[in-house]
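1. Test case, fold it:
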Amino acid sequence: MDRMLYIAMTGAKQNMQALAVTSNNIANSNTTGFRADFAAMRSMPLFGDGQPSRVYAMAERPGTDFSRGAMITTGRDLDIAVRDDGFIAVQGMDGNEAYTRAGDLQVTTLGQLVTGAGYPVMGERGPISIPPFEKLEIGMDGTISIINEGDEAFSMQEVDRIKIVKPQLTELYKGEDGLLRLKDGSEAEADADVNVISGTLEGSNVNAAAALVDMIEIARQFEIQTKMMKMAEQNDERTVQILRMA
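-> Numbers count the residues shown, from 1 in each chain. Below is the predicted model:
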C-alpha cells in the first residue's frame with residue numbers, strides 16, 4: 001500500500017512542476033525573443049538500505065528549445081533581430097554578462113541602452129550609453145550611429161557597437177531571470193560574423209497550441225495520480241476494518 005501511495009504522490013508532485021514549466025511557456029508565447037523550456041518525466045530509483053526496489057517519478061527541465069521564433073517587422077529604429085544562432089550580450093541583475101534574443105531596445109532618460117526588460121546592452125567597452133540624438137541607426141554589424149541633438153551638419157557619428165556573440169548552444173543554460181549564460185561562468189567573445197536586422201523583432205518560439213495540449217495531458221495525469229492516492233486511502237481504511245473484525 002505504501003508503495004502505491006508514495007509513487008502516486010511523487011507522480012502528482014512532479015506533474016505539478018511540469019505544469020508550471022508548461023504554463024510559463026504559454027504565458028510567454030508573445031514575449032519577444034523568448035525560448036521555451038522542455039518539461040520531461042523520468043523514473044528515478046530510490047537508493048537506501050537494501051536494494052533499490054522502489055522507483056518514483058521525477059520531472060526535470062532537461063534544456064531549452066533554441067529553435068527560432070517568427071520575425072516581425074516593426075520599422076522601429078531601436079528594434080533589432082539577430083540572424084542565425086547569435087545572441088545580444090546584456091548585463092544581468094547580478095552585474096555579470098548574460099545573453100538574450102530580445103531586441104526590443106530602448107534608451108533611458110539617462111542615455112543608457114537597455115532591453116525591453118531593462119537589462120543594459122553591452123558594447124565594446126561595457127554597457128552602452130548614448131548621448132542626446134536627433135536620429136539613431138543600428139547597422140547590420142550592430143554599430144550604433146547617431147546624429148547629435150542640435151547638430152546642424154546632420155552627419156552620422158558612430159557611438160558604439162552592440163556586442164553580438166555566437167557560443168555553442170550546448171554551452172548555454174537559462175537562468176530563472178530568462179537570460180542565457182555560459183555553463184562555466186565565462187564570457188563569450190564577440191562574433192563579427194553575426195549580423196542583426198534593424199526594424200525587426202524575433203517573436204517567441206512557443207507553439208501555444210502544442211503547449212496547451214501538453215497542459216491538458218499533464219492535468220489528466222495529475223488527476224489519475226490523485227485518484228490513486230484516494231484509492232490507497234480507501235484500501236487502508238478497509239484493511240483496518242478487516243483487522244478489527246478479526
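2. can you list the domains in this structure?
-> Using automatic domain parsing, the domain ranges for the chain come out as 2-65+206-245, 71-202.
3. In the protein, what residue spans correspond to helices?
-> Remark: helices assigned in the chain by DSSP state H are 2-27, 208-245.
4. Buried residues of the shortest one, list them for me.
-> What it means is helix 2-27. 5, 7-15, 17-19, 21-22, 24-26 (16 or more other C-beta atoms under 10 Å). Any C-beta I mention is one placed from the backbone N, CA and C, and that applies to glycine too.
5. how much does it deviate in direction from helix 208-245?
-> Orientation of helix 2-27 against helix 208-245 (axes from the mean of the first three to the mean of the last three C-alpha atoms, to 10 degrees) gives an angle of 160 degrees.
6. Tell me the gap between helix 2-27 and the middle of its chain.
-> Here helix 2-27 is found 20 Å from its chain centre; the criterion is C-alpha atoms, centre = their mean, to the nearest Å.
7. And it, what does it pack against?
-> Helix 2-27 makes packing contacts with strand 40-45, strand 55-60, helix 208-245 when contacts are defined by 3 or more C-beta pairs under 8 Å, 6 or more residues apart in numbering; DSSP states H and E.
8. Contact partners for the residue nearest in space to the middle of the chain?
-> The centroid of the chain falls nearest to G178 when counting by C-alpha atoms, centre = their mean (4.1 Å). By C-beta atoms under 8 Å, 6 or more residues apart in numbering, the contact set of G178 is 34, 100, 117.
9. wait, isn't K174 in contact with L182?
-> No. Using C-beta atoms under 8 Å, K174 is not in contact with L182; the gap is 11.7 Å.
10. Just give the number of residues close to the closest residue to E158 other than its chain neighbours.
-> Nearest residue to E158 in three dimensions, chain neighbours excluded: S145, at 5.2 Å (C-beta to C-beta, 6 or more residues apart in numbering). Using other C-beta atoms under 10 Å, S145 has 17 other residues around it.
11. do the same with P52
-> By other C-beta under 10 Å, the residues close to P52 number 10.
12. wait, doesn't it sit right on L46?
-> Yes. Between P52 and L46 there is a contact at 6.0 Å, judged by C-beta under 8 Å.
13. what's the closest of the contacts of G178 to E187?
-> T100 (14.3 Å; C-beta to C-beta).
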